[in-house]
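Q: Following is a predicted model, sequence given first.
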Amino acid sequence: MNTSPVLVWFRRDLRLSDHPALHAAATSGRPVIPVFVHDDQVVALGAAPKWRLGLGLAHFAQALTEKGSRLILRKGDAFEVLKRLIEETGAGAVYWSRLYDPGAVHRDTRIKSALKERGIEARSFGGHLMFEPWTVETKTGGFYKVYTPFWKMVKDCEVDAPLSAPRDLAAPDIWPASDDLETWAMGAAMHRGAEVVRPHVRLGEQAAQARLGGFIAGIVDGYDITRDQPSVDGTSGLSENLSLGEISPHQCWHAGLRAREEGKRGAETFLKELVWREFAYHLMHHTPRILSDNWKEDWDGFPWNTDERRAEVRRWKQGRTGIQFVDAALREMYVTGRMHNRGRMIVASYLTKHLLSHWKIGLNWFEDCLIDWDPASNAMGWQWSAGSGPDATPYFRVFNPVTQLDKFDKDRAYVKRWIAEGRKTPSDTALSYFEAVPQSWNLDPSEPYPAPVVAADEGRKIALEAYENRGF
């Protein structure tokens, strides 16, 4: 019987339950050494995602400690770190959960090959997605480029039942040394914003399960309607936990199925949103250019502004466009680290269509500011809103942020929650925005609310003229 330890390399899968790689290691009967590597992919993370990852790692390390295990932290090139750990521990295997962005695929492919050449068992497992991207094909053999047929294809497919957490994890005779997480300073770039955002974080596996349970028990019944109302607690909020794998999509899917069987009206809409996430990952796998280039190549000649220093772009980043829905959504992001999905669409449409600024400006800004940042969903969302992506909104659909507010925030409760200027007694959340943003912005809640950079009706005319001149 092989008694050499197994290194379980954690990345965006910070949970114990429904973890195929960890389950395989635990049931092998061999010592299990959980590892996290701070490599170039971690270095490249934006301020908020990196900070949130640091919080997640600290919490997950404690969960492992309670299991009689521990999380070994190392910094450096992933292969070199793993190679050194193998030498130090005598490990004969490395297991990990698959990731699908091109950088991770390149890294993992190289590492798997190099480990096998050295006689080390190297295995990758699913868990981050319900359907592996190479398993879903159209009738003609290609991948799906439109969401609705994709949904129809997978909605009745079998999704693996979630695995239980291991009862125990066999420890090695001697634990290898570990870095001190605090020395990594993963929250350094958040500056004073970390203190403001921290109370809004729902950290770890137990919190994620509680979030799912609360959603299924009550909110899901009206989710098909409330998910579009930014002033109410009408969504699952699980994007934060799914992004770091503190909960699995399988766990969410089976909870949604049970809710649908119980007749809860919004359950199928929730299932469709989970499949929308899958669709984004499948597109990223098959067409990785979606992360950096126009998915529709005929948009390469479109005359978007690419200068982030322009005054109107700066006003957009600050949440001071003078358009209430846009500004409220951006300010929500600075205070909570997340943004309501309806707000994301309005914010993205305003930048790319009213301001005719490149979607990559917004994509990069969200990558820096969102604690629920996800590479596939972020890219597809921005390209969908801009019109350059798969299954995108048609060029003539330019969201009017004023009429959208009338439709989804009639009493302006969302606006009041997040915009302080012009109010005698601003809400605490609205004032928190001024505590979260950089001091260099020199913003004051007593200042007047700004006039629109581009008025709602004027923006539609600008966008349509630009698109028509390009022959779209």
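A: Perfect, thanks for sending it. Numbers count the residues shown, from 1 in each chain.
Q: Without its sequence neighbours, what residue ends up closest to residue 104?
A: Of all residues not flanking residue 104 in the chain, residue 41 sits nearest, at 6.5 Å (CB to CB, 6 or more residues apart in numbering). From N, CA and C alone the C-beta is placed, and that goes for glycine too.
Q: quick one: buried residues of the one helix or strand that neighbour maps to?
A: Assessed by DSSP states H and E, residue 41 sits inside helix 40-43. When neighbours are counted by 16 or more other CB atoms under 10 Å, the buried residues of helix 40-43 are found to be 41-42.
Q: chain center to the helix or strand following that helix: distance?
A: Stepping forward along the backbone from helix 40-43, the first helix or strand reached (DSSP H and E) is helix 47-66. Between the centre of helix 47-66 and the centre of its chain there are 16 Å (CA atoms, centre = their mean, to the nearest Å).
Q: can you check stretch 223-234 too?
A: Using CA atoms, centre = their mean, the distance between the centre of stretch 223-234 and that of its chain works out at 19 Å.
Q: Go through it and flag the buried ones.
A: Residues of stretch 223-234 classed as buried: 223-224, 226-232, 234 (neighbour count, 16+ other CB under 10 Å).
Q: what's the average pLDDT for that stretch?
A: Mean pLDDT, taken over the full extent of stretch 223-234, equals 96.
Q: how about the lengthiest strand in the chain: buried residues?
A: When the chain is scanned for its longest strand (criterion: DSSP state E), the result is strand 32-38. Neighbour-count burial for strand 32-38, with 16+ other CB under 10 Å as criterion, is recorded at 32-38.
Q: cool, stretch 414-426 as well?
A: Of the residues in stretch 414-426, those buried under the neighbour-count criterion (16+ other CB under 10 Å) are 414-421, 426.
Q: will you turn the buried residues of stretch 223-234 into CSV that also has secondary structure and distance to residue 378?
A: Below are these laid out as CSV (DSSP: H, G, I helix; E, B strand; the rest coil; distance: CB to CB, whole Å):
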residue, secondary structure, distance to residue 378
223, helix, 22
224, helix, 24
226, helix, 23
227, coil, 19
228, coil, 20
229, coil, 23
230, coil, 19
231, coil, 24
232, coil, 24
234, coil, 22
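Q: What is the nearest of those residues to residue 18?
A: Of all the buried residues of stretch 223-234, residue 18 sits closest to residue 223, with 22.5 Å by CB to CB.
Q: where does residue 7 land in three-state SS?
A: Assigned state for residue 7: strand (three-state reduction, DSSP: H, G, I helix; E, B strand; the rest coil).
Q: partners of it in the sheet?
A: Counting by DSSP bridges, residue 7 is bridged to residue 33, residue 94.
Q: check contacts around it.
A: Residue 7 is in contact with 33, 35, 82, 85-86, 89, 91, 93-95, counting by CB atoms under 8 Å, 6 or more residues apart in numbering.
Q: out of those, who has the most neighbours?
A: Among the contacts of residue 7, the one with the most neighbours (other CB atoms under 10 Å) is residue 33, at 27 neighbours.
Q: my guess is it meets residue 172, correct?
A: Yes: using CB atoms under 8 Å, residue 33 makes contact with residue 172 at a distance of 5.8 Å.
Q: which residues do the two both contact?
A: By CB under 8 Å, 6+ apart, residue 33 and residue 172 have these common neighbours: 5, 89.
Q: quick revisit: now render the buried residues of stretch 223-234 as JSON lines, adding distance to residue 335.
A: Listed next are the buried residues of stretch 223-234 as JSON lines, based on distance: CB to CB, whole Å:
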{"residue": "223", "distance to residue 335": "24"}
{"residue": "224", "distance to residue 335": "27"}
{"residue": "226", "distance to residue 335": "21"}
{"residue": "227", "distance to residue 335": "20"}
{"residue": "228", "distance to residue 335": "21"}
{"residue": "229", "distance to residue 335": "19"}
{"residue": "230", "distance to residue 335": "13"}
{"residue": "231", "distance to residue 335": "15"}
{"residue": "232", "distance to residue 335": "17"}
{"residue": "234", "distance to residue 335": "18"}
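Q: what's the most distant pair in those?
A: Using CB to CB, the buried residues of stretch 223-234 reach their maximum pairwise distance at 224 and 231, which is 16.9 Å.
Q: Identify the residues contacting residue 336.
A: Listed by CB under 8 Å, 6+ apart, the contact set of residue 336 reads 197, 200.
Q: From residue 48, how far out is it?
A: Summarising the geometry, the distance separating residue 336 from residue 48, computed by CB to CB, to the nearest Å, is 10 Å.
Q: tell me, what's touching these two both at once?
A: Between them, residue 336 and residue 48 have residue 197 as joint contacts when contacts are counted by CB under 8 Å, 6+ apart.
Q: could you show me where the helices are in the stretch 101-250 of the chain, in order?
A: With DSSP state H, counting those that start in this stretch as the criterion, the stretch 101-250 of the chain has helices at 102-117, 147-154, 193-197, 204-217, 223-226, 239-243, 249-261.
Q: Can you report phi and psi for the nearest residue to residue 400 once chain neighbours are set aside?
A: By the measure of CB to CB, 6+ apart, the closest residue to residue 400 outside its immediate chain neighbours is residue 456, 5.0 Å from it. The phi and psi torsions at residue 456 (degrees, to the nearest 10) take the values phi -60, psi -50.
Q: cool, the one 4 residues further on as well?
A: Note on residue 460: its backbone torsions stand at phi -60, psi -40 [degrees, to the nearest 10].
Q: gap between residue 250 and residue 293?
A: As judged by CB to CB, residue 250 and residue 293 stand 32 Å apart.
Q: If you could redo that for residue 311, that was the one I meant.
A: If you measure residue 311 against residue 293 using CB to CB, the figure is 27 Å.
Q: Show me which of those two is the more surrounded one.
A: More neighbours surround residue 293 than the other of residue 311 and residue 293, with 15 against 8 (other CB under 10 Å).
Q: Can you tell me the SS state at the more buried one?
A: For residue 293, the assignment made with three-state DSSP gives coil.
Q: and it, what is it in contact with?
A: The neighbourhood of residue 293, defined by CB under 8 Å, 6+ apart, consists of residue 300.
Q: Can you give me the pLDDT of it?
A: Turning to residue 293, the model gives it a pLDDT of 97.
Q: Phi, psi for it please.
A: Its backbone dihedrals place residue 293 at phi -130, psi 160, with angles given as degrees, to the nearest 10.
Q: Repeat that for residue 174.
A: The main-chain torsion angles of residue 174 are listed as degrees, to the nearest 10 and equal phi -130, psi 130.
Q: Dump the lowest-mean-pLDDT helix or strand in the chain to CSV, restricted to CA.
A: Per-element confidence for the chain was summarised using mean pLDDT, DSSP states H and E. The lowest value among helices and strands belongs to helix 456-469, with a mean of 85. Listed next in CSV are the C-alpha coordinates belonging to helix 456-469 (Å, rounded to 0.1, in the frame of the first residue of the first chain):
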residue,chain,number,x,y,z
ALA,A,456,-29.7,59.5,-20.4
ASP,A,457,-31.6,60.4,-23.7
GLU,A,458,-28.5,62.0,-25.3
GLY,A,459,-26.4,58.9,-24.7
ARG,A,460,-28.7,56.7,-26.8
LYS,A,461,-28.4,59.1,-29.8
ILE,A,462,-24.6,59.1,-29.4
ALA,A,463,-24.3,55.4,-29.3
LEU,A,464,-26.7,54.7,-32.2
GLU,A,465,-24.9,57.3,-34.4
ALA,A,466,-21.5,55.6,-33.6
TYR,A,467,-22.8,52.1,-34.4
GLU,A,468,-24.6,53.1,-37.6
ASN,A,469,-21.5,54.9,-38.9
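Q: Nothing else from me, thank you.
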